[in-house]
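>>> okay, sequence plus prediction incoming.
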Amino acid sequence: MLGALAKRGPDGHGIYAWDNAVFGHRRLAIFDLSEAGRQPMLSPDGRIGVTFNGAIYNFTALRSELSARGYRFGSRSDTEVLVHGYDAWGIDGLVERLHGMFAFALWDDRSQTLHLVRDRLGVKPLLFFVSGSLLAFASTASALAAGGFAGELDPHAIAEFLEFGFVTDERCIYQGVSKLGAACIATWRDGALTVRRYWSAGPQQRERVPFREAVETTEKLLLRAVELRLQADVPVAALLSGGIDSALVCWAIRELGADVTAYTVATPGDPWDESADAVRTATELRVPHRVLPLTAQSAPTIDDLIAAYGEPFACGSALGMLAISSAVRQHAKVLLTGDGGDDAFLGYPRNLQYLLAQRLARTLPSGSTSAWRAMRGLVPRVGPLRRAVHFVDYATGGYPAVINVRDGFPFYEQHGMLGERLQSSMLPFRSLHPSLSAARRIMDDHLDFEMKTYFFSEFMTKVDGATMSHGLEARAPMLDQRLWEYVASLPYDLRLHDLRLKAILRDIARRRVSARVAKGAKRGFGVPVQRWLTGRWRKSFEQVFGDSALEAGGWIHAQPVLRSIAALPDGETAPDQLWYLYVLEHWVRKRCASQPASFIPETVRTA
């Protein structure tokens with residue numbers, strides 16, 4: 001298991017065993033680079049042990065509080081506050097005080113109790129396997145599989161992957177393995193497991209404040225969040241795209257007087273390339289800046305993508321993150337990013353569309369949903385009318401109507417690609433029924449769905465997997481819990497003030513960076529894998545599906561897949577679904593071709 005995690009922790013490893021528990025750790029040294037900071041870390045009497053991934057940003061304050069209570073510290077590491085903090089406050093009191101990103105396991109040998117804890121926004125991953133009186137845990141599914149703690153592939157997880165290009169936090173690609181949810185504590189005692197949530201940023205009430213006050217408060221919270229994340233005993237760098245979020249992080253770094261270089265990934269000649277905007281932003285901010293070109297020839301390979309993630313993962317921009325992580329790691333061990341700004345401050349165009357649909361829904365009379373269904377077929381769905389039809393769908397049907405227009409998993413059904421093992425697969429959210437009541441709460445439903453899927457399972461996974469596979473720690477100030485709690489309390493129309501996407505951040509950018517950055521349109525951090533699929537990778541695609549491991553396993557029919565790619569001209573943008581299949585085919589070949597159907601040892605299966 002430690003071998004499978006070696007790239008995530010290249011600076012050392014350790015194992016410690018009690019009578020009924022064994023902890024292992026691969027170390028990425030950020031605080032206290034000496035041997036005093038090695039893990040697993042124990043209390044002086046050996047009763048409490050911790051293995052920990054992440055960073056506790058307020059550890060110096062907690063250390064001072066614990067020292068005042070008589071606790072003595074033998075390191076300058078943030079890990080040690082977990083050991084003494086648990087002894088002083090118990091698991092709930094400790095977690096309540098933590099400000100940071102973390103996944104940790106804590107064993108109390110006296111009470112024979114294990115606690116597994118994941119941070120509030122799920123920045124750091126934590127998975128576990130339970131069988132009888134045995135529990136195993138790790139940071140990745142591949143580490144659990146390497147230790148023998150994984151079952152066969154889960155057909156429901158495969159279906160999820162084909163829908164989204166990733167497996168959500170609700171499932172794992174292996175049967176028998178679970179993911180600890182964000183903001184959750186799992187407690188294991190006497191062979192019984194309980195899981196509970198300890199925090200929620202969900203708005204119990206919307207705080208109505210003047211827009212100017214929201215801007216000023218956000219700016220202060222952002223500066224503090226960046227300041228906390230600059231703490232390290234190793235060099236720190238920043239990621240700069242052409243957008244607002246990373247520009248504001250770099251502005252805050254400059255304001256705080258830190259000596260940090262910003263890095264940008266460029267895809268020369270591609271419409272998605274935003275390096276020119278990033279260069280202008282760096283010039284306006286007067287920050288050190290380097291551009292790293294990424295082409296189809298120089299990009300990380302599919303094999304690199306498979307190796308970096310414990311499950312199949314088909315986020316194309318992960319190739320960019322892998323490239324920049326590899327380059328930045330030569331100069332720094334901590335990377336500040338702008339991740340989370342679009343999610344907290346509502347930066348996606350669909351956010352505005354759903355807000356307007358919700359406003360309309362709240363003016364419509366009952367019966368509007370059935371009335372629209374009756375007349376919908378009379379409206380031609382071409383050009384602008386197509387978008388108008390979908391908008392009325394949302395205003396009369398809510399988020400179920402949004403899901404109905406997604407082409408995800410149904411694409412494979414429509415093209416006859418599903419094998420017998422997926423013929424009966426069903427995604428529960430696709431069975432939801434449109435209604436006017438759903439339309440009147442579409443914003444809440446939309447953000448809840450996005451958090452449970454894309455936010456936790458794509459965005460968080462992408463950055464953690466890419467950076468940690470190169471021994472680089474990513475930190476996202478926009479994911480600061482204090483900032484997130486504040487922004488989540490603000491009404492949607494305040495975050496979309498004057499119908500502008502992430503209006504609060506735009507206002508800060510206008511005053512602190514430039515009007516150009518503030519007015520910039522939302523552009524994703526993309527890598528054009530769909531065009532590479534019909535270009536440089538076409539031959540590879542045809543070869544792997546000419547002798548498909550997925551088809552041999554009963555998951556798909558390969559001929560419809562080959563016909564679909566053959567119908568696309570060179571350089572045409574392929575459907576996302578073909579890219580997902582390409583990644584899954586490679587993952588299955590690499591991870592499963594040489595492994596038995598079940599990896600669980602007989603001693604575990606019969607425990």
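Arrived safely, thanks for sending.

>>> going by C-alpha atoms from here, please, whenever you check contacts or count neighbours.
Will do.

>>> and the helices in the stretch 351-500 of the chain, which stretches?
Secondary structure of the stretch 351-500 of the chain (DSSP state H, counting those that start in this stretch): helices at 368-376, 384-397, 399-404, 408-414, 436-439, 442-450, 460-468, 481-488, 492-495.

>>> can you lay out those helices as CSV showing mean pLDDT, distance to Gln39 and mean neighbour count?
Putting the helices of the stretch 351-500 of the chain into CSV (pLDDT from 0 to 100; distance: least, C-alpha to C-alpha, whole Å; neighbours: other C-alpha atoms under 10 Å) gives the following:
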stretch, mean pLDDT, distance to Gln39, mean neighbour count
helix 368-376, 93, 58, 14
helix 384-397, 92, 51, 20
helix 399-404, 93, 45, 21
helix 408-414, 93, 43, 17
helix 436-439, 97, 49, 23
helix 442-450, 95, 35, 18
helix 460-468, 96, 17, 24
helix 481-488, 94, 26, 20
helix 492-495, 94, 42, 20
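
>>> residues near Leu135, how many?
Around Leu135 there are 17 other residues, counting by other C-alpha atoms under 10 Å.

>>> isn't there a strand covering it?
Yes. According to DSSP: H, G, I helix; E, B strand; the rest coil, Leu135 belongs to a strand.

>>> my guess is it contacts His115, does it?
No. Using C-alpha atoms under 8 Å, Leu135 makes no contact with His115, being 11.4 Å away.

>>> now tabulate the helices of the stretch 351-500 of the chain in CSV and tack on distance to Ser111.
What follows is those, written out as CSV (distance: least, C-alpha to C-alpha, whole Å):
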stretch, distance to Ser111
helix 368-376, 57
helix 384-397, 52
helix 399-404, 46
helix 408-414, 47
helix 436-439, 47
helix 442-450, 37
helix 460-468, 33
helix 481-488, 31
helix 492-495, 46
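
>>> closest to Lys539 out of those?
Closest approach to Lys539 among those is made by helix 408-414 (21.6 Å; C-alpha to C-alpha).

>>> would you put the C-alpha positions of the closest one in CSV?
Output in CSV follows, covering the C-alpha atoms of helix 408-414 (Å, rounded to 0.1, in the frame of the first residue of the first chain):
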residue,chain,number,x,y,z
GLY,A,408,-24.1,11.4,-20.9
PHE,A,409,-25.0,7.8,-20.4
PRO,A,410,-27.9,7.8,-22.8
PHE,A,411,-25.4,8.5,-25.6
TYR,A,412,-24.1,4.9,-25.3
GLU,A,413,-27.6,3.4,-25.3
GLN,A,414,-28.6,5.4,-28.4
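
>>> wait, what's in contact with the residue nearest the centre of the chain?
Among the residues of the chain, the one closest to the centroid is Met460, at 1.6 Å (C-alpha atoms, centre = their mean). Residues in contact with Met460 (C-alpha atoms under 8 Å, 6 or more residues apart in numbering) are Gly122, Val123, Lys124.

>>> including neighbour count, secondary structure and pLDDT, could those go into TSV?
Formatted as TSV, those follow (neighbours: other C-alpha atoms under 10 Å; DSSP: H, G, I helix; E, B strand; the rest coil; pLDDT from 0 to 100):
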residue	neighbour count	secondary structure	pLDDT
Gly122	23	coil	96
Val123	26	coil	97
Lys124	24	coil	98
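
>>> of those, which is the nearest to Leu248?
For those, the nearest to Leu248 is Val123 (20.3 Å; C-alpha to C-alpha).

>>> was I right about that closest one contacting Phe102?
Yes. Between Val123 and Phe102 a contact is recorded at 7.3 Å, counting by C-alpha under 8 Å.

>>> what's the closest of the helices of the stretch 351-500 of the chain to Gly242?
Comparing the helices of the stretch 351-500 of the chain by C-alpha to C-alpha, helix 460-468 comes nearest, at 17.7 Å.

>>> give me the distance from the closest one to the chain's centre.
Distance of helix 460-468 from the chain centroid (C-alpha atoms, centre = their mean, to the nearest Å) equals 7 Å.

>>> follow-up on the earlier one: and His557, which of the helices of the stretch 351-500 of the chain is closest to it?
Of all the helices of the stretch 351-500 of the chain, helix 408-414 comes closest under C-alpha to C-alpha, at 9.8 Å.

>>> ok, and what's touching that closest one?
Under C-alpha under 8 Å, 6+ apart, the answer for helix 408-414 is Ala159, Glu160, Leu162, Glu163, Phe164, Leu418, Gln577.

>>> just give me the neighbour total for the first one.
Each residue near Ala159 was counted by other C-alpha under 10 Å, and the total is 23.

>>> that one touches Ser424, doesn't it?
No. At 10.1 Å, Ala159 does not count as touching Ser424 under the criterion of C-alpha under 8 Å.

>>> tell me the pLDDT of the closest residue to Gly340 other than its chain neighbours.
Once flanking residues are discounted, Gly340 sits nearest to Met478: 5.2 Å by C-alpha to C-alpha, 6 or more residues apart in numbering. Listed pLDDT for Met478 reads 97.

>>> show me where the stretch 1-150 of the chain has its helices.
In the stretch 1-150 of the chain, helices defined by DSSP H, counting those that start in this stretch lie at 59-68, 80-97, 141-146, listed in chain order.

>>> centre of the chain to the last one, how far?
The chain centroid and the centroid of helix 141-146 are separated by 19 Å under C-alpha atoms, centre = their mean.

>>> show me where the stretch 101-250 of the chain has strands.
Along the stretch 101-250 of the chain, counting by DSSP state E, counting those that start in this stretch, strands occupy 113-118, 127-131, 134-138, 177-179, 184-189, 192-197, 236-239.

>>> tell me which of those sits most buried.
A comparison of the strands of the stretch 101-250 of the chain by mean neighbour count, using mean count of other C-alpha atoms under 10 Å, puts strand 236-239 on top with a mean of 26.

>>> helices or strands up against that one?
strand 261-266, strand 334-336 (3 or more C-alpha pairs under 8 Å, 6 or more residues apart in numbering; DSSP states H and E).

>>> rerun at 10 Å
helix 244-255, strand 261-266, strand 289-293, helix 317-328, strand 334-336, strand 473-475 (3 or more C-alpha pairs under 10 Å, 6 or more residues apart in numbering; DSSP states H and E).

>>> in CSV: the contacts of Met460, plus distance to Trp188.
Formatted as CSV, those follow (distance: C-alpha to C-alpha, whole Å):
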residue, distance to Trp188
Gly122, 20
Val123, 23
Lys124, 20
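
>>> follow-up on the earlier one: how about the strands of the stretch 101-250 of the chain, which one is nearest Ile253?
strand 236-239 (8.8 Å).

>>> ok now the closest one, how far from the chain's centre?
The mean C-alpha position of strand 236-239 is separated from the chain mean by 19 Å, C-alpha atoms, centre = their mean.
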